[in-house]
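> Build me a model:
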Amino acid sequence: MKKIVKNMLKNKMIKSLLRPSFLRNGTKMGRWIYRELTPRLARLMQNLFRVKKGKVVSFGSGNVSPIQYKLLKQELRKYKGLSVRRYDNFYGRSIISRLIKIPYDAATSEVIIVEDVNRLLKYLKRNGDQLIIQMWHALGAFKKFALGNAENLIRIENEDLEELKAVHTYDYVLDPGLKFREKYLESFAPGCKILKGVFNPRIDLLFDEEHIAKKTERLYEKYPELRNKRILLYTPTYRGYSDRSDAQHFMNFDELLSRLDDRFMLVLKKHTIMKKSSYNPPSEQYAHKFLDLSNENVNNLMLISDLLINDYSSTFFEFALLGKPVVFLAKDLDQYLDDRGFYYDYKEFVPGPICSSEAELYEAIMAYIDNPARVKEFVAEYFGEVPTDNAKRFAEFIVGFINRDGVERVKPKSVPTEISELEVPQPRKEEHKMVEKELA
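Okay, the predicted model is just below:
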């Protein structure tokens with residue numbers, strides 16, 4: 001019977017029926033199912049099914065690389081008694097997934113992991129049997145987000161604030177860094193705690209020599225023109241202006257490339273949401289000094305880059321952890337401040353010179369490409385000690401929660417591993433009821 005069902009699901013006609021066009025991203029029906037129906041079904045299924053011990057589910061946004069989940073899953077696989085799965089893209093799922101599988105897994109998983117503000121959780125009943133962890137996709141605290149950005153969201157026309165209800169469901173958020181913890185607590189609802197000493201697992205790769213060597217060589221083999229070059233990585237962020245003018249705020253490539261000699265290579269990595277955005281490429285005479293590698297993983301590109309050209313993207317935090325210099329091109333700073341806002345004074349906070357023209361940018365590159373001192377001071381002040389085994393720590397914390405009542409449901413597959421002295425959350429039924437009452 002299973003083989004028959006599998007063969008049926010491979011049929012193109014049946015596939016099209018399970019993923020009809022009216023449910024695609026951007027359609028009214030598709031948005032309604034994502035924003036309202038599926039979350040309400042998850043709440044309904046909580047009343048019909050019990051939480052399954054050892055069940056872990058991760059919900060991705062579709063716009064963020066799943067690497068942090070993969071690293072965590074590698075560690076969780078070292079334990080018996082765990083069931084682990086991930087949904088990376090809601091809109092790419094079938095009707096069955098959207099209306100049955102996703103809400104069912106949200107209702108019955110003992111541990112739920114999200115990496116963005118996820119609407120799916122906004123109606124979940126908090127009873128203390130489930131643990132919800134926010135594995136925020138960005139490091140540090142730069143641009144305002146979640147509740148920290150609520151005031152700006154209210155000002156923006158047609159902005160849907162429903163997703164902010166989901167922040168009231170989080171029990172824990174991963175450690176953003178020593179001085180950023182307070183900002184994270186401001187951005188999420190009261191009751192959410194910082195999982196101190198457990199950073200985003202993808203940070204581990206920045207210090208993994210085997211991984212660095214492998215990814216570096218792969219990029220050089222794929223793009224041999226990058227060998228023996230001083231690589232400048234340009235990562236313009238998604239602005240989300242109402243006039244959709246993001247690409248118009250890119251640098252003038254010719255203005256910079258005309259000043260750079262052939263030792264340099266400028267690499268463009270657009271924000272995921274902007275992958276299909278058109279822009280004015282450099283002239284033919286400068287094309288040999290430019291590559292658009294927006295299809296590559298930004299963390300891998302960081303490994304081969306000598307300097308980062310940033311504007312308002314949080315990518316500079318991870319680049320700073322590598323001990324490499326960052327310069328900032330912020331031509332539309334006043335407009336961005338008005339539309340979005342930062343947790344800190346931008347001009348005082350960023351660990352590099354702020355430029356308003358390509359001429360200034362060139363001077364900054366020449367002055368800072370071999371001078372990472374400012375970045376290293378920034379890391380020491382704002383991050384403190386950064387662990388390099390975060391995936392392992394995260395997995396141990398999850399196992400600690402599942403085994404919290406003294407029953408060792410989840411066990412190491414080989415030699416017993418000592419559970420680190422991380423704070424294990426206890427059920428907070430009364431607190432959950434209070435939050436739920438406020439939302440009603």
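> Break this protein down into its domains, please.
For the chain, the structural domains run 39-203+388-433, 209-382, going by automatic domain parsing.
> Give me the distance between the two termini of the shortest one.
Think domain 209-382. Domain 209-382 stretches 24 Å from its first residue to its last (C-alpha to C-alpha, to the nearest Å).
> What of stretch 111-124?
End-to-end distance for stretch 111-124, by C-alpha to C-alpha: 13 Å.
> Show me where the stretch 151-300 of the chain has its strands.
Counting by DSSP state E, counting those that start in this stretch, the stretch 151-300 of the chain has strands at residues 172-174, 193-195, 230-235, 264-268, 290-292.
> Tell me which of those sits most buried.
Counting by mean count of other C-beta atoms under 10 Å, strand 172-174 has the highest mean neighbour count of the strands of the stretch 151-300 of the chain, with a mean of 24. All C-beta atoms are positioned from the backbone trio N, CA, C, and that covers glycine.
> So for that one, mean pLDDT?
For strand 172-174, mean pLDDT rounds to 93.
> Same check on stretch 184-201?
For stretch 184-201, the mean pLDDT works out to 87.
> Buried residues, it. List them.
Buried residues in stretch 184-201, counted by 16 or more other C-beta atoms under 10 Å: 184-185, 187-189, 192, 194-195, 197-201.
> follow-up on the earlier one: as JSON lines, the strands of the stretch 151-300 of the chain with distance to Phe378 would be great.
Shown next, in JSON lines, are the strands of the stretch 151-300 of the chain (distance: least, C-beta to C-beta, whole Å):
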{"stretch": "strand 172-174", "distance to Phe378": "20"}
{"stretch": "strand 193-195", "distance to Phe378": "20"}
{"stretch": "strand 230-235", "distance to Phe378": "17"}
{"stretch": "strand 264-268", "distance to Phe378": "23"}
{"stretch": "strand 290-292", "distance to Phe378": "28"}
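> returning to what we had before: any idea which of the buried residues of stretch 184-201 is closest to Leu308?
Leu308 lies nearest to Asn200 out of those, by C-beta to C-beta, at 18.2 Å.
> do you know how far the residue positioned nearest the centre of the chain is from Ile369?
With distances taken as C-alpha atoms, centre = their mean, His137 lies nearest the centre of the chain, 1.8 Å away. From His137 over to Ile369 the distance is 28 Å, taken as C-beta to C-beta, to the nearest Å.
> same thing with Arg202?
The gap separating Arg202 from Ile369 is 25 Å, by C-beta to C-beta.
> same thing with Pro39?
Pro39 sits 48 Å away from Ile369, going by C-beta to C-beta.
> Arg202 and Ile369: which is more packed in?
Comparing Arg202 with Ile369 by other C-beta atoms under 10 Å, the one with more neighbours is Arg202, at 24 against 16.
> could you list every residue that touches the nearest residue to that one once chain neighbours are set aside?
Excluding the flanking residues, the one nearest Arg202 by C-beta to C-beta, 6 or more residues apart in numbering is Gln68, at 4.4 Å. Applying C-beta atoms under 8 Å, 6 or more residues apart in numbering, one finds that Gln68 lies in contact with 115, 135, 137, 200-202, 391.
> from those residues, which is closest to Ser314?
The closest of these to Ser314 turns out to be His137 (C-beta to C-beta; 8.8 Å).
> Would you agree the closest one is in contact with Ser61?
Yes: look at His137 against Ser61 with C-beta atoms under 8 Å: they come within range, at 7.2 Å.
> Quick check: neighbours shared by the two?
With C-beta under 8 Å, 6+ apart as the test, His137 and Ser61 both reach 115-116.
> pLDDT below threshold where in this protein?
Low-confidence segments of the chain, defined by pLDDT under 70: 1-27, 30, 62-65, 89-93, 147-164, 240-249, 273-278, 405-409, 414-440.
> what about 50?
Applying pLDDT under 50 to the chain flags the ranges 5, 8-9, 13-18, 20, 154-159, 242-244, 415-440.
> and the longest strand for it?
Taking DSSP state E as the criterion, the chain has its longest strand at strand 52-59.
> who does that one touch, helix- and strand-wise?
Applying 3 or more C-beta pairs under 8 Å, 6 or more residues apart in numbering; DSSP states H and E, one finds that strand 52-59 makes contact with helix 67-76, strand 83-87, helix 102-108, strand 109-114, helix 390-402.
> In JSON lines, list the ones you listed along with distance to Thr235.
Listed next are these as JSON lines, based on distance: least, C-beta to C-beta, whole Å:
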{"stretch": "helix 67-76", "distance to Thr235": "17"}
{"stretch": "strand 83-87", "distance to Thr235": "26"}
{"stretch": "helix 102-108", "distance to Thr235": "32"}
{"stretch": "strand 109-114", "distance to Thr235": "24"}
{"stretch": "helix 390-402", "distance to Thr235": "23"}
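> which one of those lies closest to Glu217?
Glu217 lies closest to helix 67-76 among these, at 18.3 Å (C-beta to C-beta).
> What does Asp339 show for phi and psi?
With angles defined as degrees, to the nearest 10, Asp339 shows backbone torsions of phi -80, psi -30.
> tally of neighbours for it?
With neighbours defined by other C-beta under 10 Å, the count for Asp339 comes to 15.
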